[in-house]
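> starting from these lines, generate the structure:
(one chain, ligands or ions: 1)
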Amino acid sequence: MKPLNKVIINKDTSFNPIWIMRQAGRYLPEFREIRKENPNFINLCLNDDLSSEITLQPLKRFDLDAAIIFSDILMLPYGLGQKVEFEKNFGPKLGELNLNEIARTDEIDFVEKIHRVYKALKKVSSDSSLKNKNTIGFIGAPWTLLVYIKDEFLINRILLIIEKFLKIHIKNQIDNGANVIQIFDSWAGLLEEKDLPNYVYSPTLNLVNYVKSLNVPVICFPREIKNYKEFCDIVKPDAVSIDYNVDPKKILRDIKIPIQGGLDPKILLTDKETLKKEASNYLEIFKDHPYIFNLGHGILPETNPEMVENLIKIVRDFK
Ligand code: CP3
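You can find the predicted model right below:
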């Protein structure tokens, strides 16, 4: 059984697998080298030779338990024909949403636009180095995509369209070797409580049920929502990833399902001793609970790779 499945499915507490959100990317010199030669980020994601290589870069360096495919949550609007650009020091810039264009897009058009993500997944998941490791596919949750897509009138219609294509995206990732799906709802914390059922719980529940119907474990990361317990009670993911503002002792009391993550990525910018103290705190609190080690958000670009090495050693030496 793959390491994440042991924890998520078998509720194994005898060890803590580790992978790191945004592990394939900006903080690695070998990534920056490739990136320098490839100024168009979307094209880089769609270059399956390079994107599979980038996916495996952190696993060449570190003893991690999973690879996450080098892609982006914004491949979804890209696949729907929206212009998506990444500007240096600015972040993503999306063009006007053209509903007519979206309405004309069918599954075949969508898959044709982004099929090289699936090709990269196929390469990665069949690589012999991943035989005993997980390959993680992912999507952005509908609400987090809406934050980027933004449209005043047609939000509910767009939610349904997004959901339809997210299911297609999930299915293709699984068909090409993804054996865990993580749903990133990075902007869930922006919503007022009254809007959570409509924009977070209900669409995410549909997607979670869809992943479950394909017999693949699904991890949800509803970043910065105040009530993780309510989220888990309603959406029922197989595991939940917590952000660094969550009190680990409280969540341990509140939630029965396997837990992932928590450690503030800024701790990786401090020193070895602080890292040991802070990481051990999570390991100690969750020692009798199924727990996957990860951060409370993506690893920061200025992180020294040596600190990642230290972190993995701390986790491996814990039990
Ligand atoms: O985890 C991994 O290593 C796999 C690849 C991955 C990327 N983005 C590559 C990427 C994953 C899982 C994502 C998810 C993602 N993308 C999220 C959810 C997770 C989170 O961090 O909250 C969000 C909100 C996005 C949208 C996005 N993509 C933003 C805001 C940006 C620019 C700022 C940033 O974080 O870098 C991106 C670009 C992006 N996606 C880069 C990478 C490696 C940087 C591209 C570059 O080199 O300029």
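> how many residues are close by residue 28?
By other C-beta atoms under 10 Å, the residues close to residue 28 number 23. Where C-beta positions appear, they are placed from N, C-alpha and C, glycine not excepted.
> surely it meets residue 58?
Yes - counting by C-beta atoms under 8 Å, residue 28 touches residue 58, with 6.7 Å between them.
> which residue ranges of the stretch 51-200 of the chain form helices?
75-79, 99-104, 107-125, 142-149, 155-175, 196 (DSSP state H, counting those that start in this stretch).
> show the pLDDT at the closest residue to the ligand within the stretch 151-300 of the chain.
The minimum distance from the stretch 151-300 of the chain to the ligand, using C-beta to the nearest ligand atom, falls at residue 186 (3.2 Å). With respect to pLDDT, residue 186 scores 97.
> make a markdown table out of the helices of the stretch 51-200 of the chain and add mean pLDDT.
Converted to a markdown table, the helices of the stretch 51-200 of the chain look like this (pLDDT from 0 to 100):
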| stretch | mean pLDDT |
| --- | --- |
| helix 75-79 | 96 |
| helix 99-104 | 83 |
| helix 107-125 | 98 |
| helix 142-149 | 91 |
| helix 155-175 | 94 |
| helix 196 | 97 |
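> now these in JSON lines, with distance to the ligand and mean neighbour count?
Shown next, in JSON lines, are the helices of the stretch 51-200 of the chain (distance: least, C-beta to the nearest ligand atom, whole Å; neighbours: other C-beta atoms under 10 Å):
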{"stretch": "helix 75-79", "distance to the ligand": "9", "mean neighbour count": "21"}
{"stretch": "helix 99-104", "distance to the ligand": "19", "mean neighbour count": "13"}
{"stretch": "helix 107-125", "distance to the ligand": "11", "mean neighbour count": "19"}
{"stretch": "helix 142-149", "distance to the ligand": "6", "mean neighbour count": "22"}
{"stretch": "helix 155-175", "distance to the ligand": "12", "mean neighbour count": "18"}
{"stretch": "helix 196", "distance to the ligand": "18", "mean neighbour count": "21"}
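> out of those helices, which is closest to residue 48?
helix 107-125 (4.0 Å; C-beta to C-beta).
> lowest-pLDDT helix or strand in this structure?
Lowest mean confidence among the helices and strands of the chain (mean pLDDT, DSSP states H and E): helix 99-104, at a mean of 83.
> counting contacts, what elements does that helix pack onto?
The contact analysis (3 or more C-beta pairs under 8 Å, 6 or more residues apart in numbering; DSSP states H and E) places helix 99-104 against helix 155-175.
> residues in contact with the helix it packs on?
69, 75-76, 79-80, 97, 99, 102, 105, 107, 110-111, 114-115, 117-118, 121, 137-139, 142, 145-146, 149, 151, 181, 199, 203, 206-207, 210-211, 214, 216 (C-beta atoms under 8 Å, 6 or more residues apart in numbering).
> any residue of the lengthiest strand in the chain touching the ligand?
Among all segments of the chain classified by DSSP state E, the strand with the greatest residue count is strand 134-140. Yes - using C-beta under 6 Å from any ligand atom, strand 134-140 comes into contact with the ligand via residue 138.
> which residues does that strand contact?
By C-beta under 8 Å, 6+ apart, strand 134-140 touches 2-5, 17, 19, 65-69, 71, 73-74, 76, 121, 124-125, 166, 169-170, 173-174, 177-186, 207.
> out of the residues you listed, which are inside strands?
66-68, 180-184.
> so which strand or helix has residue 202?
If you go by DSSP states H and E, residue 202 is part of helix 202-213.
> what angle separates that helix from helix 142-149?
120 degrees (axes from the mean of the first three to the mean of the last three C-alpha atoms, to 10 degrees).
> now the angle from helix 202-213 to strand 180-184?
Comparing the axes of helix 202-213 and strand 180-184 via the same axes, to 10 degrees yields an angle of 170 degrees.
> buried sites along whatever helix or strand comes next after helix 202-213?
Scanning forward in sequence from helix 202-213 by DSSP H and E, the next helix or strand is strand 218-221. Residues 218-221 are the ones in strand 218-221 that count as buried (16 or more other C-beta atoms under 10 Å).
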